[in-house]
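**Student:** let's see this in three dimensions:
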Amino acid sequence: MSAPALSPRPLHRALLVLGLVLFSAQSIDAMRGVFKFQRASDFATYHYAAQVTWAGGDPYDTPALSRAARVDNTRRAVHPFFYPPPFLLGMVWDRGLPLHVAYRIWGFGNLLALLGSLVVLRRWLKAPWWLLAVVGGTLTPAFNAVKMGQANQLVLLPALIGLWLQRGSWVGVSAMAKMSPALFLAGWAPRGMWKPVLGAMATAVVLSLLALPIVPLDTQLRFYLEILPGFSSGEYHGLRIPITLPANHSIPDLFHQLWPGPDDHHLHPRSALASKAVSLFALGGLAWVASRVHREDPIAEAGLAGALTVLMVITPVYAYEHHLAWLVLPGAAAGMALHTGRLGKKWWWVAAPSWALSVAHLAWVRFLREAAPAPLDWLAQESKFVGLIGLLVVCTAAALSPRPTE
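**Tutor:** Next up is the predicted model:
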């Protein structure tokens, strides 16, 4: 006699426990790294950009940031600051704090923001906790982002709130911290949802005006007219990390490998053009998908936003591991489309491998790349990009899936 099949309820309980264990273990490991790494990794850029700003300096003056770090005797240099001026409004709490103390507060804040994102997805999609626990517990890039001192979870949370409530002001807040969340407007504009679009634009203007007392107009204009346009060529305000870093998962990186630029920090014109063409084609396709999504269908809305999120991650020249922290949205959207039957069982064969490849621990990917012979080493290196494309396809299918009949 064959053993009885495991019913959904015990299976879901087991997945909930597994997800909670993974989430707790990764949170502890991330915060252990935050407490251990006194130099504060990428957070040092935010910290010293803020400190220089409070002193009346220019946050985009990288040598000034490095001098401030040396005065504090914390590190010899920091990466360039290339975020929108209103980002610094969110750093007011950091004024006068030692680097290591601010870094720890930032780490806890990112973990709380990740939990907040899961709560928003619960409210928005009515997602079961076992699904959210699995998504959150397996999303290793989110915990990498905490260790790195990155802002991704804190920026994601207001964007999720805005997408849930269809309030552009929240997305505007997110876009004024990092420009890329403005891509979510491409999910509203094709449907004539001008109220949230205009709300996002108005919020951007208001936040820029509020930032004027600390970031003068000429400095703000320099960001938008000089620093921001350089992103498309790989010129990230003097960032010295090479485009060809194996942990870069972007479309431009693939073209840079095909048509190398003059150096590892600038794209060849052919690579830049091809990257823009592919990204615009994909964006146009998702704009068409958006026109077919009903605004009162949360799973389709989340599928559309999840597809836009993946595109938002892979379109810039740099798509590092910590940027994949945004995958909490596509992961939940794809999971709910499968859980509710909106996508058939065959889609599990796309979704599960895509998620596994996308969230695989970076150390595992590095080990496979170094251990595998050519050309399998290149396939291992680009495995996360393959997973991201798979997630984009699944989320697009979720957006186009028929609504269940009443």
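**Student:** name the helices or strands packed onto the helix or strand hosting residue 19?
**Tutor:** Applying DSSP states H and E as the criterion places residue 19 in helix 8-36. Contacts defined by 3 or more C-beta pairs under 8 Å, 6 or more residues apart in numbering; DSSP states H and E place helix 8-36 against helix 99-125, helix 129-138, helix 140-148. The C-beta positions use only the backbone N, C-alpha and C, and glycine is treated the same way.
**Student:** which of these sits most buried?
**Tutor:** helix 140-148 (a mean of 26; mean count of other C-beta atoms under 10 Å).
**Student:** which positions in the next helix or strand after that one come out as buried?
**Tutor:** Later in the chain than helix 140-148, the nearest helix or strand by DSSP H and E is helix 152-165. Neighbour counts over helix 152-165 (16 or more other C-beta atoms under 10 Å) mark 152-164 as buried.
**Student:** quick one on the thing from earlier: closest to residue 337 out of the helices and strands packed on helix 8-36?
**Tutor:** Proximity to residue 337 (C-beta to C-beta) singles out helix 99-125 among the helices and strands packed on helix 8-36, at 9.6 Å.
**Student:** got the contact list for residue 135?
**Tutor:** By C-beta atoms under 8 Å, 6 or more residues apart in numbering, the residues touching residue 135 are 19, 118, 328, 331, 332, 335.
**Student:** quick one: the second one and residue 132 touch, right?
**Tutor:** Yes - with the criterion set as C-beta atoms under 8 Å, residue 118 and residue 132 qualify as a contacting pair; they are 4.7 Å apart.
**Student:** which of the contacts of residue 135 count as buried?
**Tutor:** 19, 118, 328, 331, 332, 335.
**Student:** one step back: any idea which helix or strand comes after the helix holding residue 19?
**Tutor:** Next element after helix 8-36 (DSSP H and E): helix 43-54.
**Student:** and that next one, what does it pack onto?
**Tutor:** Helix 43-54 packs on helix 62-72, helix 99-125, going by 3+ C-beta pairs under 8 Å, 6+ apart.
**Student:** gap between that helix and the chain center?
**Tutor:** 21 Å (C-alpha atoms, centre = their mean, to the nearest Å).
**Student:** picking up where we left off before, for the helices and strands packed on helix 43-54, give me CSV that also has mean pLDDT and distance to residue 400.
**Tutor:** Output for these, formatted as CSV (pLDDT from 0 to 100; distance: least, C-beta to C-beta, whole Å):
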stretch, mean pLDDT, distance to residue 400
helix 62-72, 94, 45
helix 99-125, 96, 17
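**Student:** these: which one's closest to residue 322?
**Tutor:** Of the helices and strands packed on helix 43-54, the one closest to residue 322 (C-beta to C-beta) turns out to be helix 99-125, at 10.1 Å.
**Student:** just want the angle from the closest one to helix 129-138.
**Tutor:** Orientation of helix 99-125 against helix 129-138 (axes from the mean of the first three to the mean of the last three C-alpha atoms, to 10 degrees) gives an angle of 150 degrees.
**Student:** that older thread, need the helices and strands packed on helix 43-54 in a markdown table (columns: distance to residue 138).
**Tutor:** Shown next, in a markdown table, are these (distance: least, C-beta to C-beta, whole Å):
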| stretch | distance to residue 138 |
| --- | --- |
| helix 62-72 | 35 |
| helix 99-125 | 13 |
